[in-house]
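K.L.:
Provided below are the primary sequence and the corresponding predicted coordinates.
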Amino acid sequence: MSLEIVILAAGQGTRMRSALPKVLHPVAGNSMLGHVIHSARQLDPQRIHVVIGHGADAVRERLAADDLNFVLQDKQLGTGHAVAQAVPFITADTVLILYGDVPLIEVETLQRLLKHVAPQQLGLLTVELDDPTGYGRIVRNADGQVTAIVEQKDANEAQRTITEGNTGILAVPAERLGDWMSRLSNNNAQGEYYLTDVIAMAVADGLVVATEQPLDAMEVQGANDRRQLAELERHYQLRAARCLMAQGVTLRDPSRFDVRGDVSVGRDVVIDINVILEGKVVIEDDVVIGPNCVIKDSTLRKGVVIKANSHLDGAVMGEGSDAGPFARLRPGSVLEARAHVGNFVELKNAHLGEGAKAGHLTYLGDAEVGARTNIGAGTITCNYDGANKWKTVLGDDVFIGSNNSLVAPVDISSGATTAAGSTLTQNVDKDQLAVGRARQRNIDGWKRPEKIKKP
């Protein structure tokens, strides 16, 4: 049975008090709408129709893709009106309707819902709530069959005591949808065309309304303000933390940990507090990550140690290598096995060979560092001449003295040594000692300047 999905994403979100369209507000580093689209894609639909309105250009620009059909709702006249805008584009057998501000919906829940759809039956996702205020109520007859959905503002006193709420998510036979949309009325307290009225129409047409419920009520929680957005964020993070712990990760405090991307992990990984994992991160067995680290789009091989307050972006750390505390590895940084980067060391497009070391207070940019080479404190590669970047190449077993400035392009061959305080502008051959500093002079009788007294 073919499937198309309609995602309603036209709302303004006035309670967000933001120039950003509501559905573009982020949860775990991705927009709420982006999360919904990601879940929708996993259902393998023929097409995904995104109904947009407020901030339409921004939504298109942020999320444009070949499998998305953006449908404009010029006037926001209700959820039924929004779905009606997408109906002319639908050719599949089944239509699933989702919401761009409900980002935690699980694919497994939607799969269970879709199983209820048949020519004479539709699937409705409902939720049991301790406090259903604000939700449409599911009205059932004496036999427990759904007969209608009544919105909060239209519900009578008895209906408001119902605790089964409408999530708005439903799956319907496509051939019925156009007819139902054409029969919608805005004769209600809000003066809007409610999608929920489809349920009463379906019952009147002799269809069965089959219901399904999420395993977790937070799956269907939307965000209308910053408080609700924060609740979704924390729930997402706790869910991600539980998933990682089930795979063999020790989290020192799951409530102080954030995933903002796609993370794969090995066994016996230990992650301390306030760690943020962004983008695509690969963490192999026995990795230890200290507190307050940010790791983005990076790969950590077996046995890597990241010490406190380090920042990795686009880095690859080889087996048994370590970095930090307070290390910064920028895009293109590669550490081979057992290489070491210490405190206040920054790498950018730099490759450190096996066992190479840069212990402290160093910047290596556009550099190739050989195996077992040692970089002294205060060393920098002068890789930029104001217009072009140049490369520094250090061979194996090189010893770079403290406070060196390596003016690229420069090549220091294997086994060479450079004296502390040197500025090197020429290549150094194998096993040479390079001294690139002014000759010291000691001046007798030197008088320090004295502070001039103010009148």
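P.N.:
Nice, I can see it.
K.L.:
contacts, neighbours, all on C-alpha from now
P.N.:
Will do.
K.L.:
And the protein, what are its domain boundaries?
P.N.:
Following automatic domain parsing, one finds the domains of the chain at 3-220, 226-434.
K.L.:
Single out the most deeply packed of the ones you listed.
P.N.:
domain 226-434 (a mean of 21; mean count of other CA atoms under 10 Å).
K.L.:
could you give me the average pLDDT of that domain?
P.N.:
Average pLDDT, domain 226-434: 97.
K.L.:
closest to Pro449 out of the domains of the chain?
P.N.:
domain 226-434 (26.2 Å; CA to CA).
K.L.:
Extract the C-alpha trace of stretch 392-411 and format it as PDB.
P.N.:
What follows is stretch 392-411, C-alpha atoms only, in PDB (Å, rounded to 0.1, in the frame of the first residue of the first chain):
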ATOM      1  CA  THR A 392      55.200  22.900   7.800                       C
ATOM      2  CA  VAL A 393      56.700  19.300   7.500                       C
ATOM      3  CA  LEU A 394      58.500  17.700  10.400                       C
ATOM      4  CA  GLY A 395      60.100  14.300  10.000                       C
ATOM      5  CA  ASP A 396      60.300  11.400  12.500                       C
ATOM      6  CA  ASP A 397      62.100  11.900  15.800                       C
ATOM      7  CA  VAL A 398      62.400  15.600  15.500                       C
ATOM      8  CA  PHE A 399      62.900  17.700  18.700                       C
ATOM      9  CA  ILE A 400      61.400  21.200  18.500                       C
ATOM     10  CA  GLY A 401      62.700  23.400  21.300                       C
ATOM     11  CA  SER A 402      60.300  25.600  23.300                       C
ATOM     12  CA  ASN A 403      59.100  28.900  22.000                       C
ATOM     13  CA  ASN A 404      59.800  28.200  18.300                       C
ATOM     14  CA  SER A 405      58.200  30.000  15.400                       C
ATOM     15  CA  LEU A 406      58.200  27.700  12.300                       C
ATOM     16  CA  VAL A 407      57.700  30.000   9.300                       C
ATOM     17  CA  ALA A 408      56.100  28.000   6.500                       C
ATOM     18  CA  PRO A 409      56.900  26.600   4.100                       C
ATOM     19  CA  VAL A 410      59.600  24.900   6.000                       C
ATOM     20  CA  ASP A 411      60.800  21.300   6.200                       C
END
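K.L.:
Need the residues that contact it.
P.N.:
By CA atoms under 8 Å, 6 or more residues apart in numbering, the surrounding residues in contact with stretch 392-411 are 366-384, 390-391, 412-428.
K.L.:
Now, the residues you listed that are in strands?
P.N.:
Judged by DSSP state E, the contacts of stretch 392-411 include 366-369, 374-375, 380-382, 412, 417-418, 423-424 as members of strands.
K.L.:
Would you state the helices of this structure in chain order?
P.N.:
32-41, 56-63, 79-86, 107-114, 174-182, 197-204, 226-246 (DSSP state H).
K.L.:
For the fifth one, enumerate the helices and strands it packs against.
P.N.:
Of the remaining helices and strands, those touching helix 174-182 by 3 or more CA pairs under 8 Å, 6 or more residues apart in numbering; DSSP states H and E are helix 79-86, helix 197-204.
K.L.:
how about a cut-off of 10 Å?
P.N.:
helix 79-86, strand 94-99, helix 197-204 (3 or more CA pairs under 10 Å, 6 or more residues apart in numbering; DSSP states H and E).
K.L.:
Output the last one as CSV, nothing but the C-alphas.
P.N.:
Going back to what we said before, that points to helix 197-204. What follows is helix 197-204 as a C-alpha-only set of coordinates in CSV (Å, rounded to 0.1, in the frame of the first residue of the first chain):
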residue,chain,number,x,y,z
ASP,A,197,-14.3,16.9,12.3
VAL,A,198,-13.1,14.2,9.9
ILE,A,199,-13.6,11.6,12.6
ALA,A,200,-17.4,12.3,12.9
MET,A,201,-17.6,12.3,9.1
ALA,A,202,-15.8,8.9,8.9
VAL,A,203,-18.2,7.4,11.5
ALA,A,204,-21.2,8.8,9.6
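K.L.:
now that helix against helix 174-182, angle please.
P.N.:
120 degrees (axes from the mean of the first three to the mean of the last three CA atoms, to 10 degrees).
K.L.:
and helix 197-204, what does it pack onto?
P.N.:
Here helix 197-204 touches strand 121-128, strand 146-150, strand 164-173, helix 174-182, strand 208-212, going by 3+ CA pairs under 10 Å, 6+ apart.
K.L.:
now for the helices of the chain, which one comes closest to Trp446?
P.N.:
It is, among the helices of the chain and with distance given as CA to CA, helix 226-246, at 64.5 Å.
K.L.:
For Gln121, which of the helices of the chain is the nearest?
P.N.:
The nearest among the helices of the chain, by CA to CA, is helix 197-204 at 8.4 Å.
K.L.:
between that closest one and strand 164-173, how many degrees?
P.N.:
70 degrees.
K.L.:
follow-up on the earlier one: take the helices and strands packed on helix 197-204 and write them to JSON lines, including distance to Leu43 and mean pLDDT.
P.N.:
Below are the helices and strands packed on helix 197-204 laid out as JSON lines (distance: least, CA to CA, whole Å; pLDDT from 0 to 100):
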{"stretch": "strand 121-128", "distance to Leu43": "16", "mean pLDDT": "97"}
{"stretch": "strand 146-150", "distance to Leu43": "26", "mean pLDDT": "91"}
{"stretch": "strand 164-173", "distance to Leu43": "13", "mean pLDDT": "96"}
{"stretch": "helix 174-182", "distance to Leu43": "17", "mean pLDDT": "93"}
{"stretch": "strand 208-212", "distance to Leu43": "17", "mean pLDDT": "96"}
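K.L.:
Of these, give the one that comes closest to Met16.
P.N.:
Counting by CA to CA, Met16 lies closest to strand 164-173 out of those; the figure is 20.7 Å.
K.L.:
that older thread, relative to Ile276, which of the helices and strands packed on helix 174-182 is closest?
P.N.:
Closest approach to Ile276 among these (CA to CA): strand 94-99, 27.7 Å.
K.L.:
thinking again about what came up before, please tabulate the domains of the chain in JSON lines, including the columns distance to Pro455.
P.N.:
Listed next are these as JSON lines, based on distance: least, CA to CA, whole Å:
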{"stretch": "domain 3-220", "distance to Pro455": "58"}
{"stretch": "domain 226-434", "distance to Pro455": "42"}
